[in-house]
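Colleague: Next come a sequence and a model predicted from it.
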Amino acid sequence: MSWHHRPHNSKSAGRAIAIAYDWKTEIPGVFARHDDSCPVRNGRHCACGVLGYRASVRDWEANRRILSPQLATVAEARAWLADQLAALQALRGVAIDGRELGDVVDELLEAAQEGRVRDRWGREYTREGVRELRSALSYVDAELGLLNVADVRRTDVQGLVDRLVGSGLALVRVYDVVDALETLYAYAIDNDIVGHSPVVRLALPRGKDPMPPDAEGAETTAAADDNPSGALDARPRDGEAQSAGGAVLTAS
């Protein structure tokens, strides 16, 4: 956030008003409150000691975000988050027991590191592949991590996609997130955690068809031979976008 001035107040003319800002913590849905001058948002260590905590949960039915008041501790923020989530789930008429999606994310990443699951091309995950999977799933965990993994619906996933697109996230990253979510639910189905995947019939923006990393060079060379001008058209066919699992997803 930026500095704001009061030009009509002689006492404060030329003085700036510091506005605290929220910064994501390692706990999905919980944010630390920092002083406006704190450099943590610039990748440096916190210099303000954290002013407090806030928690946030999305009500997908009403398409709105519920934000907590400022709380003193992480424990209070997590308790507020759990209460809100339980209330929303009760309104939706779904059970609140069972495994949270965030827990399954942790299981998948551990399995990928240990070579117990394969990537979308049937290969063991490299260290870089695990890092990229973790990065993509961080978006999922932050928005849906506290939901029962079996209760996540297509509308929940579509809401996540719409929010990412609306935030200005690069389209290739949006597709990475969808690919990672498909991988997560493929893992959950294979391990009898859930019976179906909610990553279906999504309205996605146009993006580049995924391809195995070692095929990118050959693909680019072949395309360049066919198109000596160098203008490559990597868009999916009209009305379609390719998902990581090979399913064709409807494009908006």
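Modeller: All right, it came through fine.

Colleague: CA only for contacts and neighbour counts going forward, please
Modeller: Fine.

Colleague: for residue 136, helix, strand, or coil?
Modeller: Under DSSP: H, G, I helix; E, B strand; the rest coil, the three-state class of residue 136 is helix.

Colleague: Distance check, the nearest residue to it once chain neighbours are set aside against residue 121.
Modeller: Ranked by C-alpha to C-alpha, 6 or more residues apart in numbering and with sequence neighbours excluded, the top spatial neighbour of residue 136 is residue 177, at 4.8 Å. To residue 121, residue 177 is 17 Å away according to C-alpha to C-alpha, to the nearest Å.

Colleague: Neighbour count for the two, which is higher?
Modeller: Using other C-alpha atoms under 10 Å as the criterion, residue 177 and residue 121 rank with residue 177 on top: 24 against 12.

Colleague: mind listing what the more buried one touches?
Modeller: For residue 177, the contacting residues are 136-137, 139-140, by C-alpha atoms under 8 Å, 6 or more residues apart in numbering.

Colleague: got the buried residues for the helix or strand hosting it?
Modeller: Using DSSP states H and E, residue 177 sits in helix 171-190. Neighbour counts over helix 171-190 (16 or more other C-alpha atoms under 10 Å) mark 171, 174-188 as buried.

Colleague: what about the closest residue to residue 146 other than its chain neighbours, how many neighbours?
Modeller: Distances taken as C-alpha to C-alpha, 6+ apart place residue 100 nearest to residue 146, at 5.5 Å, with adjacent residues excluded. Using other C-alpha under 10 Å, residue 100 has 19 neighbouring residues.

Colleague: likewise residue 118?
Modeller: A count of nearby residues for residue 118, using other C-alpha under 10 Å, gives 15.

Colleague: Quickly list what it is bridged to.
Modeller: residue 124 (DSSP bridges).

Colleague: Make sure it is actually in contact with residue 126.
Modeller: No. If you go by C-alpha atoms under 8 Å, residue 118 and residue 126 don't touch, sitting 9.9 Å apart.

Colleague: So residue 54 belongs to a strand, correct?
Modeller: Yes. Counting by three-state DSSP, residue 54 is part of a strand.

Colleague: In this structure, what residue spans correspond to strands?
Modeller: 21-24, 30-34, 52-59, 64-67, 240-242, 248-250 (DSSP state E).

Colleague: And the fourth one, what's buried?
Modeller: For strand 64-67, the buried set under the neighbour-count rule, 16+ other C-alpha under 10 Å, comprises residue 67.

Colleague: dump the residue contacts of residue 147.
Modeller: 85, 100-102.

Colleague: Those in helices, which ones?
Modeller: The helices, defined by DSSP state H, take in 85, 101-102 from the contacts of residue 147.

Colleague: where are the low-confidence patches of the stretch 1-150 of the chain?
Modeller: Residues of the stretch 1-150 of the chain meeting the criterion pLDDT under 70: 1-18, 60, 63, 92-98.

Colleague: ok so, going back, would TSV of the contacts of residue 177 with distance to residue 164 and neighbour count be doable?
Modeller: Shown next, in TSV, are the contacts of residue 177 (distance: C-alpha to C-alpha, whole Å; neighbours: other C-alpha atoms under 10 Å):
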residue	distance to residue 164	neighbour count
136	12	20
137	13	24
139	9	19
140	10	22
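
Colleague: Serialize those to TSV and add fields for distance to residue 20.
Modeller: Shown next, in TSV, are these (distance: C-alpha to C-alpha, whole Å):
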residue	distance to residue 20
136	28
137	28
139	24
140	26
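
Colleague: Check the residues you listed against residue 196 and report the nearest one.
Modeller: Taking C-alpha to C-alpha as the measure, residue 196 sits nearest to residue 140 out of the contacts of residue 177, at 17.4 Å.
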